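>>> Here is my input; please provide its structure:
(2 chains)
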Amino acid sequence: MDAKTHELYVDRAMWNIGKTGPLWWAIVAVLGACVAGAAYAWIYQLQRGLGVTGLNQKVSWGFYIINCVFFIGISYGGAMTSAILRLTNAKWRAPITRLAEGTAVVALLVGAVYPLVDLGRPDRFLYLLQYGQVGSPVLWDFVAISTYLIASIVFLYLPLIPDLATCRDKYQGTARGLRGWTYRVFALGWSGEPRQERALLRGIGVMAVLIIPLAVSVHSVLAWLFAVTVRGGWHSTIFAPLFVIAAMLSGVAAVILVIAGFRAGYGLQRFITARHFRYLSYLLIALDAAYLYFMVSEYLTEGYVAEASSGPVLEALFVGAYAVPFWSFVVGGLLLPLVLAALPGRRAIARACVASVLVIGGMWLKRFLIVVPGMAEPLMPWDWGLYQPTWVEIAITIGSAAAIPLGLMIFFFFFPVMSVHEMEEVEGVSEPARPALVSAFAGGGDD
Amino acid sequence: MTRSKRSLVLLALVALVLTLAARNDAVVRTATDLLGPRVALFLPSRVSPQTETGPAHAAPPAAPAVAPAAPAPRSNASAPSATVTLAVQPSAKLEQGYVLEARLVAPNGKPLNEATVRFYEPVELLGQREMFIGSAATDGQGRVSLAYLPARLGRHEIVLRSPARDQLAAVESRTTFEATVAAAPYRPEHQPLSAFSAAVPAVVGVIVLGVWGLIAFALLGTARGVGAGRRRQASGRQASLATRNAKTKTREDLA
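As a prediction, the model looks like this:
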């Protein structure tokens, strides 16, 4: 990268800090209104109890648990994308790692709130600490999610240290108060000394290695929350890897959408190019195909035996009450994105974004199809349970979805949107030759 | 109004609010729920002690309930009371334990039939309590019996209570006996993989601690390394400043 491009890179990475505009405020206002609506719905629920939701005696897990699994999954994808790119030393990672890590932390914060919302009485959360049972997957979840949250924040923070120092030096005169203090204190006196570089690289390396098994464990534990029960459609040995793949798939899709949004909004087109989207699309294709394989394997083995517990659930999914959402998920959320991302041709970014939207919608639907039919299936000779979400659950879901871009916009109001230090680290390294498979899939140049 | 008067008025108001709150069942329940049962020690008891209403059968209950306090017999000091004879006999079959036998006779010498009789045993469980053994009704001869297999060997005290009825006052009688037969101690069924699952929490705990240690190592190690680099740079700057000063001084001396 020549000096001029470097200068432009630093400029674009820091352009967003402390700057707002009419569009920024408009988006923040819309997203903030959604979050405020969710907060109102939660307070309404706190005042009146869980009776205001569609949850009932038979289907006691609904949107809240679906969203918890879904948002934590998105977080997982962000962390994994960044960690894998760091560990494989992918040279093209520099402009997107910060966005991926930020997405991971914000989505995890949103997802981690849902168990509290689902409790109805959040003060009873303390009972988990007071009377937690070691044999309970709920306690496992608490330990895994809290550990993963801390690790994600550290993983976001460590690569940020040199950039905080850059902010400290750049905004020495202008950034006062909390912002200036934050830059000064959290930069830890970074000056780019070789010893500091070594310490930083070691820390990031440890975290990049650690974050992968941590993320796998979190989603495995979430899957075991379902799989260790004897409910039909849940008690499956393949659930943990299936959840992990699903989380990675939805997470990579979310990263694609986030980088597309910030690329357009923050003018990063020169640094986040179609190449990034194509590479992420390959990841999407691989994960989509893996998920398809795991899912077919699960349904084939369960459907062939058709045990008393799982048979009715599979029937409800394939040809019964849940057939429409199920086949919509298979076609719209798995097959169509696979085709869109894999087809050669131009408009790689648009295709990647459409595929990501479909994947995210599909994966949410899939979580719905895991949670609700599994709960609605009668364990005793009664009717199937019925679940119809109310406006409270819908408002909280929309608000939490809006909280992710809002959180990212606020975060990048204070911190660089792209990693300057990381770009400098890989500066001057020539681009690797395209593998044959890449050109076969990509089919064309950047667009 | 002086400051001390204001303080007194404020104190009185706070005391009034607290008293009113403590008299409110909902507030007491919520406080007990949130702060735990210990808070109940500091609050006036508004909930009457739970009384056990066991089935009126002659067989011993599978798991005797433990009540914090026995139901107090209805007091009617002026009314005459029945005569109670309470005894504990070994059961015909040794392994079945004992039979609690009692006979209730009215003051006029007639046996009391259809009188409800409850048997309790004082136990020490988080303080003095009475364990409800069971209840039964007297027959036409005023007799009642209840099979009882104690949970432990040794001395036992049995309390009999019968509520007031017709013109008769409630009665209570006690007796003790030395149990030489007791129920076999509970042995949990063998759980598959129990030896393995007992070790799992410790292993998982060590893994979790290890992960937390690694996170701390990454964060603190980086902070330490970055901090050391800063100190080194600062000391380097000081050293160069000292060298420059020394050079200047030498130059001045030479001049």
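>>> what about residue 171, how many residues close to it?
Picked chain A for this. 16 (other C-beta atoms under 10 Å in any protein chain shown). To be clear about C-beta, it is placed using only N, CA and C from the backbone, and glycine gets the same treatment.
>>> The chain in question should be chain B.
21.
>>> go on, B:Gly134?
Residues near B:Gly134, counting by other C-beta under 10 Å, number 23.
>>> going on from the helix or strand where it lies, what's the next piece of helix or strand?
Applying DSSP states H and E as the criterion places B:Gly134 in strand B:128-137. Later in the chain than strand B:128-137, the nearest helix or strand by DSSP H and E is strand B:143-148.
>>> Now do the helix or strand following that following strand: everything it contacts.
Per DSSP H and E, strand B:143-148 leads on to strand B:154-162 as the next helix or strand towards the C-terminus. The contact list for strand B:154-162 (C-beta atoms under 8 Å, 6 or more residues apart in numbering or on different chains) reads B:70-71, B:73, B:82, B:84, B:86, B:88, B:100, B:102, B:104, B:115-122, B:130, B:133, B:148, B:150, B:170-179.
>>> For A:Arg168, see how far away the closest residue to A:Phe411 other than its chain neighbours is.
Closest residue to A:Phe411 apart from its sequence neighbours, by C-beta to C-beta, 6 or more residues apart in numbering or on different chains: A:Gly102 at 5.6 Å. To A:Arg168, A:Gly102 is 20 Å away according to C-beta to C-beta, to the nearest Å.
>>> So the two - more neighbours on which side?
Just comparing A:Gly102 and A:Arg168: by other C-beta under 10 Å the higher neighbour count belongs to A:Gly102, 25 against 19.
>>> What values do phi and psi take at the more buried one?
phi -60, psi -40 (degrees, to the nearest 10).
>>> what's the helix or strand for residue 195?
As the question left the chain open, I've gone with chain A. Under the criterion of DSSP H and E, A:Arg195 resides in helix A:194-227.
>>> meant chain B, my bad for not saying
Assessed by DSSP H and E, B:Ala195 sits inside helix B:194-254.
>>> swap in B:Glu172?
Counting by DSSP H and E, B:Glu172 is found in strand B:171-179.
>>> what's the average pLDDT for that strand?
In this model, strand B:171-179 has a mean pLDDT of 93.
>>> That strand pairs with which strands, and in what direction?
Using DSSP bridges, strand B:171-179 pairs in its sheet with strand B:154-162 (antiparallel).
>>> quick revisit: what comes into contact with the strand holding B:Glu172?
With contact meaning C-beta under 8 Å, 6+ apart, strand B:171-179 is reached by B:73, B:81-82, B:84-88, B:97-98, B:102, B:104, B:150, B:152-162.
>>> Please pick the buried ones from these.
Buried members of those, counted by 16 or more other C-beta atoms under 10 Å in any protein chain shown: B:73, B:81-82, B:84, B:86, B:88, B:97-98, B:102, B:104, B:150, B:156, B:158-162.
>>> residue in the stretch 1-150 of chain A nearest to chain B?
Here the residue of the stretch 1-150 of chain A nearest chain B is A:Val134; by C-beta to the nearest C-beta that distance is 4.4 Å.
>>> likewise the stretch 101-250 of chain A?
A:Ala199 (2.0 Å).
>>> Close to chain B: what parts of chain A are there?
Contact residues, chain A versus chain B (C-beta under 8 Å from any C-beta of the partner chain): A:123, A:134-135, A:140, A:143, A:147, A:150-151, A:154, A:157-158, A:161, A:188-191, A:193-196, A:198-200, A:202-204, A:206-207, A:210, A:214.
>>> For the stretch 1-150 of chain B, which residues score under the pLDDT cut-off?
By pLDDT under 70, the low-scoring segments of the stretch 1-150 of chain B are B:1-4, B:20-77.
>>> in stretch A:11-22, what counts as buried?
Applying 16+ other C-beta under 10 Å to stretch A:11-22 flags A:12-17 as buried.
>>> residues touching the residue of the stretch 1-150 of chain A closest to chain B, list them.
Contacts for A:Val134 (C-beta under 8 Å, 6+ apart) come out as B:Pro201.
>>> partners of the closest residue to B:Val84 other than its chain neighbours in the sheet?
Nearest residue to B:Val84, sequence neighbours excluded (C-beta to C-beta, 6+ apart): B:Ser173, at 4.2 Å. Following DSSP bridges, B:Ser173 is listed with bridge partners B:Leu160.
>>> Distance of B:Ser173 relative to A:Val330?
The gap separating B:Ser173 from A:Val330 is 76 Å, by C-beta to C-beta.
>>> on that earlier part again, point out the other helices and strands that the strand holding B:Gly134 packs with.
In terms of contacts (3 or more C-beta pairs under 8 Å, 6 or more residues apart in numbering or on different chains; DSSP states H and E), strand B:128-137 is packed against strand B:66-67, strand B:116-124, strand B:143-148.
>>> between it and strand B:143-148, how many degrees?
Interaxial angle of strand B:128-137 relative to strand B:143-148 (axes from the mean of the first three to the mean of the last three C-alpha atoms, to 10 degrees): 130 degrees.
>>> returning to that earlier point: these two touch, right, the residue nearest to A:Phe411 and A:Ile410?
No - applying C-beta atoms under 8 Å, one finds A:Gly102 not in contact with A:Ile410, separated by 10.4 Å.
>>> residues contacting residue 113?
Chain wasn't specified; assuming chain A. By C-beta under 8 Å, 6+ apart, the neighbours of A:Val113 are A:Ser400.
>>> not quite, I wanted chain B
B:Asn113 makes contact with B:138-142, according to C-beta under 8 Å, 6+ apart.
>>> Can I take it that it is in a strand?
No - assigned with DSSP: H, G, I helix; E, B strand; the rest coil, B:Asn113 falls outside any strand and is coil.
>>> And it, how far from chain A?
Distance, B:Asn113 to chain A, using C-beta to the nearest C-beta, to the nearest Å: 44 Å.
>>> State the phi and psi torsions of that residue.
phi -100, psi 160.
>>> neighbours around the residue nearest to B:Ala151 when sequence neighbours are not counted, how many?
Spatially, and ignoring its direct neighbours in sequence, B:Ala151 is nearest to B:Ala183 (5.4 Å; C-beta to C-beta, 6+ apart). Other residues near B:Ala183 come to 12 when the count uses other C-beta under 10 Å.
>>> what's near enough to touch B:Ala183?
Per C-beta under 8 Å, 6+ apart, neighbours of B:Ala183: B:97, B:149-151.
>>> For it, which three-state class applies?
Secondary structure assignment for B:Ala183 (three-state DSSP): coil.
>>> pLDDT value on it, please?
So B:Ala183 comes in at 90 (pLDDT).
>>> burial measure for whichever residue of the stretch 151-255 of chain B sits closest to chain A, as a count.
Distances between the stretch 151-255 of chain B and chain A by C-beta to the nearest C-beta are smallest at B:Gly225, namely 2.0 Å. A total of 21 residues lie near B:Gly225 under the criterion other C-beta under 10 Å.
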